[in-house]
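Trainee: Coordinates for the following, if possible.
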Amino acid sequence: MSATGSGYDLSVTTFSPDGRVFQVEYAAKAIEKSGTAIGIRCADGIVLGVEKAITSRMILNESTRRIYTVGIHNGIAISGFAADARQIVNRGREEATSYKSYYAGPIPGNVLANRLAGFIHLHTLYWYYRPFGCAVLIGSYNPQGEPELYQIDPSGVCHGYYAAVIGKNKEAAKSELEKIDFSTYTCKEAVKEIARIIYKLHDESKDKDFTIEMTWACNDSKKKHVRVPADLLQEAVDKAKEMKAKEEQDSDDDDDDDDDAPPAKPSK
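Mentor: Sure, this is the predicted structure:
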């Protein structure tokens with residue numbers, strides 16, 4: 001079967017003979033071209049970080065947000081088409097307001113994630129919709145005082161994670177995160193780890209300049225979703241830059257050693 005749509009990608013309601021919905025797959029491709037977004041569920045909270053490309057030096061940094069607050073304890077990090085993601089954020093805020101008016105309390109992370117997953121899935125069921133060209137990470141503190149992290153894909157699939165990555169460099173970032181013991185990891189450690197991973201995987205020869213946007217909901221923030229303090233974020237960025245420079249220097253030294261090595265003697 002051909003990897004192209006071959007006429008089966010004209011509508012989101014059409015399955016190909018081998019059971020694929022091409023428009024959903026195309027939406028996933030759009031996410032792979034967007035900045036990396038990482039979420040880590042720690043022992044004392046949740047941390048969200050996003051690589052935010054600088055498309056123009058004239059754009060105000062505050063106007064290109066990639067992480068939004070939904071309710072008091074919930075944050076949504078996005079990767080993909082920002083305009084599409086704003087509709088998901090707006091729907092999330094409507095759900096949070098509706099839940100609070102009915103139950104007189106903040107919406108739990110799992111309820112918010114399931115409701116948004118249903119909303120996103122709805123856009124894969126009718127021909128007059130198209131899938132959202134974005135994926136989202138939802139970080140939250142539930143009413144029981146436990147951190148939660150969820151990922152929702154353009155298909156509407158929603159899963160809970162200890163750590164999740166969306167956007168470009170997803171697989172490489174996952175490999176880095178798999179080395180972490182999340183049962184003892186703190187939010188302050190996660191801030192530094194997210195910055196390290198984003199800077200390590202950023203290719204200066206191909207990718208645009210960027211800034212890092214980072215938020216958390218933890219004991220230090222009284223379990224509210226807020227931005228990571230500027231001094232802590234700057235410390236993490238400086239450390240990440242230092243580690244990347246050191247790795248590049250070590251790599252250059254290894255290359256020089258290989259060049260200086262004497263040629264192997266021919267075998268008799």
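
Trainee: Which strands or helices does the helix or strand hosting Glu235 pack on?
Mentor: Under the criterion of DSSP states H and E, Glu235 resides in helix 230-260. Applying 3 or more Cβ pairs under 8 Å, 6 or more residues apart in numbering; DSSP states H and E, we find helix 230-260 packed against helix 187-201, strand 210-218. For glycine as for every other residue, the C-beta is placed from the backbone atoms N, C-alpha and C.

Trainee: Format those as CSV; extra columns: mean pLDDT.
Mentor: Formatted as CSV, the helices and strands packed on helix 230-260 follow (pLDDT from 0 to 100):
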stretch, mean pLDDT
helix 187-201, 95
strand 210-218, 94
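
Trainee: Those: which one's closest to Pro17?
Mentor: helix 187-201 (37.2 Å; Cβ to Cβ).

Trainee: Run the angle between that closest one and strand 210-218 for me.
Mentor: 160 degrees (axes from the mean of the first three to the mean of the last three Cα atoms, to 10 degrees).

Trainee: Check which helices and strands helix 187-201 is in contact with.
Mentor: strand 37-41, strand 45-53, helix 170-177, strand 210-218, helix 230-260.

Trainee: Give me whichever of these is most buried.
Mentor: The highest mean neighbour count among the helices and strands packed on helix 187-201, using mean count of other Cβ atoms under 10 Å, belongs to strand 37-41: a mean of 29.

Trainee: what angle separates it from helix 170-177?
Mentor: When the same axes, to 10 degrees is applied, the directions of strand 37-41 and helix 170-177 differ by 30 degrees.

Trainee: Counting by contacts, list what strand 37-41 packs against.
Mentor: Secondary elements touching strand 37-41 (3+ Cβ pairs under 8 Å, 6+ apart): strand 45-53, strand 74-80, strand 134-141, strand 147-152, strand 163-166, helix 170-177, helix 187-201.

Trainee: Dihedrals phi and psi, Ile67?
Mentor: phi -130, psi 130 (degrees, to the nearest 10).

Trainee: I figured it hits Ile46, correct?
Mentor: No. With contacts counted by Cβ atoms under 8 Å, Ile67 stays clear of Ile46, the gap being 11.6 Å.

Trainee: any shared contact partners between these two?
Mentor: Counting by Cβ atoms under 8 Å, 6 or more residues apart in numbering, the contacts common to Ile67 and Ile46 are Gly75.

Trainee: Ranking helices and strands of the protein by mean pLDDT, which lands last?
Mentor: helix 230-260 (a mean of 81; mean pLDDT, DSSP states H and E).

Trainee: okay, the angle between the helix holding Glu235 and strand 45-53?
Mentor: 60 degrees.

Trainee: can you give me how far helix 230-260 is from the chain middle?
Mentor: 24 Å (Cα atoms, centre = their mean, to the nearest Å).

Trainee: So Cys134 versus Leu232, what's the distance?
Mentor: Counting by Cβ to Cβ, to the nearest Å, the gap from Cys134 to Leu232 is 28 Å.
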